[in-house]
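Visitor: got a predicted model here, sequence first, then my questions.
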Amino acid sequence: MFENELLSWIIMGAVALSLILSVITLIMQILRGRSPKQKSGKKGKAGAKNKSPSQSQQGMGNNPYPAPPPQVWIPPVNPVVQENHTEPLFSGASQYSPMPGGAGGHAQYGGYQVSIKETAPMGERSYEIMVSGEFSIGRSSSNGLQIDHSTVSGSQCVLIAGPDCVFVSNKSNSNVTLLNGAKLTDTRPVKPGDSLHLGKVQLYLLDIRKS
């Protein structure tokens, strides 16, 4: 009988010990499960406190609306304007006032050698003239270049040597002088390739060279 009671006590002790160990194991698991969360929470708070301003500024790089880049001022480029030789140099012929020292009262700027091709009802001819001061063109024999045709005035027009180019001015009150097909009403510059219409006679300025 004593042996039976001892065996019962041993079994009860083993069961009690097993229960105690199970409780201890459960408590340890609970404690282990809590500790990482607490540590991570503490670490997160510490990281927030120790975050430097530079890190905050770096975080601004993810801003979906970043500030636009600074605008660089670029000076405007002036477009190249080709000189229109058919535009008048002066507002009127009166602006080209006579000056002492040259033929016709205009200032001397040296001479220009002008190659001309003439087309008229009586045929064609080519020649070169020297323009220094004023060079008159017309039907009269007193002109530097005589064009004997009834549609040309006695004094039709005049070529004038300027500082950088040759100019043309109408001298006729009855017949119209055309420069490149436009009525010549004032003093205008001419260039190689331009044409003068004097009645039914056409003069092509093939070349203009300063001498």
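Guide: Thanks, I have the structure now.
Visitor: from here on, contacts and neighbour counts on C-alpha atoms
Guide: Fine.
Visitor: contacting residues around the residue lying closest to residue 185 once chain neighbours are set aside?
Guide: Nearest residue to residue 185, sequence neighbours excluded (Cα to Cα, 6 or more residues apart in numbering): residue 170, at 6.8 Å. The contact partners of residue 170, taken as Cα atoms under 8 Å, 6 or more residues apart in numbering, are 156-158, 176-177, 184-187.
Visitor: sticking with residue 5, tell me its helix or strand.
Guide: helix 2-50 (DSSP states H and E).
Visitor: coming back round to it: let me know the pLDDT of the residue nearest to residue 185.
Guide: Note for residue 170: predicted pLDDT of 95.
Visitor: residue ranges with poor pLDDT in this structure?
Guide: Applying pLDDT under 70 to the chain flags residues 1-3, 34-110.
Visitor: so residue 141 versus residue 12, what's the distance?
Guide: Counting by Cα to Cα, to the nearest Å, the gap from residue 141 to residue 12 is 157 Å.
Visitor: what's the burial count for residue 8?
Guide: Number of residues near residue 8 (other Cα atoms under 10 Å) recorded here: 12.
Visitor: who does residue 129 form a beta bridge with?
Guide: Beta bridges link residue 129 to residue 114, judged by DSSP bridges.
Visitor: ugh, typo on my part, it should be residue 209
Guide: When assigned by DSSP bridges, residue 209 has beta-bridge partners residue 113.
Visitor: residue 126 reaches residue 118, doesn't it?
Guide: Yes: counting by Cα atoms under 8 Å, residue 118 is a contact partner of residue 126 at 6.1 Å.
Visitor: how about the helices of this protein, start to end?
Guide: In the chain, the helices defined using DSSP state H lie at 2-50, 53-59.
Visitor: residue 151: what's it in contact with?
Guide: Applying Cα under 8 Å, 6+ apart, we find residue 151 in contact with 175, 198-201.
Visitor: that one and residue 145, how far apart?
Guide: Note on residue 151: its distance to residue 145, by Cα to Cα, is 15 Å.
Visitor: and residue 180, by the same measure?
Guide: The gap separating residue 180 from residue 145 is 20 Å, by Cα to Cα.
Visitor: since we're on the nearest residue to residue 192 once chain neighbours are set aside, how many residues are nearby?
Guide: Setting aside the residues directly before and after it, residue 192 is nearest to residue 207 in space (Cα to Cα, 6+ apart), at 4.8 Å. Per other Cα under 10 Å, the neighbour tally for residue 207 reads 16.
Visitor: could you do residue 169 as well?
Guide: 22.
Visitor: pretty sure it contacts residue 184?
Guide: Yes: Residue 169 lies in contact with residue 184 (Cα under 8 Å); the separation is 7.2 Å.
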